[in-house]
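Asker: Got a predicted structure here, sequence first:
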Amino acid sequence: MSLNCHCYTCNVKYPTNAYISSNNEDEQNIIIQICKRIFEAIQHKHTSTEISYDGNIMLHRQIRNIIEVENFINKEFNQLFEDKILRKEMKKLPFGIWRIGFQWNEFDNDFLIKNILKISRKWCYNFIKYFQRIDDQKRKIGATNSYNPDKILLNNLKFYLLGFEYLIDYSWKSYDDDNCYEGNFIFASDSGIFIVVEAKWLNVKSENNYLIKSTLTNDVKDQSLKYKEKVSIEFNGKYVALIGATFTMDDDKATFDFIDHDEIIAKHIKEIHEFSTPRYDDEFNELDRFQTLTSQNNTTSVLQGTITKITAAAAVGYIIYRAFSRSSNSD
């Protein structure tokens, strides 16, 4: 296994006197490592990955040998093995090291991703409480001004990042005399999937609109990649997969794009998450009215359960525009 344990106990700080062992830290470590390796391989367009085990008692002393490791893996991934979607190969290397390899067919990626998301969701149950606590803290901090673009984006999260329910971190700043805005957002899902979003917004009233527009999309992807790398280090051990996206807006045109091959994971998040009680404010539900207006002009497309270049992002652009228009008029 990786030298770094991926269980909740080893990666989330909490008061010592509040700790109660779940007695499955070693199992959680194995599952999260396998899921993480599979997702990383798919993101890089690979069809195989592996983990290693040194044959010794694991960190939390709950799994003691290779037989227990193999039995547990077979139990949790049994259906994928039976359906021949995922294949396992175990090999003992010199010095007592075991290599546990996994292979699959690229054509089975969609089915594999859906099932790995369900497995990781099951084993991230205690991380979800951590995500909820961070989400509550971050949204309270951002609640001082309801008409800030970041606040509007957060309140409408469910419309364009379906399944990414928890706000983990964000920053937002203005420049060019408040004519332009840019920010970074990190959201998490119940399956432990993190998405980092690099957002840029250009005020329609900017006198330098043309000059700024020409550079608006040129560097946003590079910035998103750099931010994704930073998050991978800062939050290592707290996520199962890390994906990236960009959100750019100019006037009433907004674009939401995934980085590289990350969409293949993101598009399945909604399918395995069912929302019972929304965690979002209802202050800015202008989205429905906007969609009705634009559908009359035949300018919208249907959001069909996947997260692609989506109309909802344009709706957020409209909401931001309306918010700043009201703010300007009130002055």
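Answerer: Received, thanks. Numbering: from 1, shown residues only.

Asker: Nearest spatial neighbour of Phe258, chain-adjacent residues omitted?
Answerer: Nearest in space to Phe258, with sequence neighbours left out and distances taken as C-beta to C-beta, 6 or more residues apart in numbering, is Ala245 at 5.0 Å. No exception for glycine: its C-beta is placed from N, CA and C like everyone else's.

Asker: Relative to Val220, how far out is the one you found?
Answerer: Look at Ala245 and Val220: by C-beta to C-beta, to the nearest Å, they are 10 Å apart.

Asker: More neighbours: which of the two?
Answerer: More neighbours sit around Ala245 than around the other of Ala245 and Val220, counting by other C-beta atoms under 10 Å; the figures are 26 against 19.

Asker: Next, give phi and psi for that one.
Answerer: Reported as degrees, to the nearest 10, the phi and psi values for Ala245 are phi -150, psi 160.

Asker: same check, this time on Lys92
Answerer: The phi and psi torsions at Lys92 (degrees, to the nearest 10) take the values phi -90, psi 130.

Asker: same question, Gly101
Answerer: With angles defined as degrees, to the nearest 10, Gly101 sits at phi -100, psi 150.

Asker: Does the residue nearest to Phe258 touch Ala199 like I think?
Answerer: No - with contact defined as C-beta atoms under 8 Å, Ala245 and Ala199 do not form a contacting pair (9.2 Å).

Asker: pull the helix or strand with minimum mean pLDDT from this structure.
Answerer: Taking mean pLDDT, DSSP states H and E as the measure, the helices and strands of the chain show their lowest mean at helix 287-296, namely a mean of 36.

Asker: name the element Leu167 belongs to?
Answerer: Using DSSP states H and E, the secondary-structure element containing Leu167 is strand 166-175.

Asker: neighbouring strands for the next helix or strand after that strand, and are they parallel or not?
Answerer: If you walk from strand 166-175 toward the C-terminus, the next helix or strand you reach (DSSP H and E) is strand 180-188. Strand 180-188 sits in its sheet next to strand 166-175 (antiparallel), strand 193-202 (antiparallel), going by DSSP bridges.

Asker: For the one helix or strand Lys75 maps to, buried residues please.
Answerer: In this structure, Lys75 sits in helix 66-76 according to DSSP H and E. In terms of neighbour count (16 or more other C-beta atoms under 10 Å), helix 66-76 has its buried residues at 66, 68-69, 72-73, 76.

Asker: can you pull out the strands in this structure?
Answerer: Assigned strands in the chain, in chain order: 48-53, 87-92, 98-103, 166-175, 180-188, 193-202, 241-250, 253-258 (criterion: DSSP state E).

Asker: now these in TSV, with mean pLDDT and distance to Lys138?
Answerer: As requested, the strands of the chain are exported to TSV (pLDDT from 0 to 100; distance: least, C-beta to C-beta, whole Å):
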stretch	mean pLDDT	distance to Lys138
strand 48-53	97	33
strand 87-92	97	39
strand 98-103	97	35
strand 166-175	85	5
strand 180-188	86	9
strand 193-202	86	14
strand 241-250	86	18
strand 253-258	79	21
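
Asker: export the ones you listed to CSV and tack on distance to Ser120?
Answerer: Formatted as CSV, the strands of the chain follow (distance: least, C-beta to C-beta, whole Å):
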stretch, distance to Ser120
strand 48-53, 15
strand 87-92, 17
strand 98-103, 14
strand 166-175, 15
strand 180-188, 12
strand 193-202, 8
strand 241-250, 8
strand 253-258, 19
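
Asker: His268: which of those is closest?
Answerer: In terms of C-beta to C-beta, the element of the strands of the chain nearest to His268 is strand 193-202, at 9.6 Å.

Asker: okay, the angle between that closest one and strand 241-250?
Answerer: For strand 193-202 against strand 241-250, the angle by axes from the mean of the first three to the mean of the last three C-alpha atoms, to 10 degrees is 10 degrees.

Asker: for the stretch 1-150 of the chain, which spans come out with low pLDDT?
Answerer: Scanning the stretch 1-150 of the chain for pLDDT under 70 picks out the ranges 1-3, 14-22, 141-150.

Asker: swap the cut-off to 80 and go again
Answerer: Under the criterion pLDDT under 80, the flagged ranges of the stretch 1-150 of the chain are 1-3, 13-23, 139-150.

Asker: Need the overlap of contacts for Ala245 and Val220.
Answerer: Glu198 (C-beta atoms under 8 Å, 6 or more residues apart in numbering).

Asker: Tell me the predicted confidence for the closest residue to Lys118 other than its chain neighbours.
Answerer: Leaving aside its sequence neighbours, Lys118 sits nearest to Ile272 (C-beta to C-beta, 6+ apart; 5.6 Å). According to the per-residue confidence, Ile272 scores 75 in pLDDT.

Asker: for the nearest residue to Phe164 once chain neighbours are set aside, what are its contacts?
Answerer: Counting by C-beta to C-beta, 6+ apart, the nearest residue to Phe164 once its immediate chain neighbours are dropped is Phe187, at 3.8 Å. Contacts of Phe187 were listed using C-beta under 8 Å, 6+ apart, and they are 157, 161, 164-168, 194-195, 197.

Asker: From Trp201, how far out is Phe187?
Answerer: Phe187 is 18 Å from Trp201, where distance means C-beta to C-beta.

Asker: Then Glu165?
Answerer: Using C-beta to C-beta, we find Glu165 at a distance of 23 Å from Trp201.
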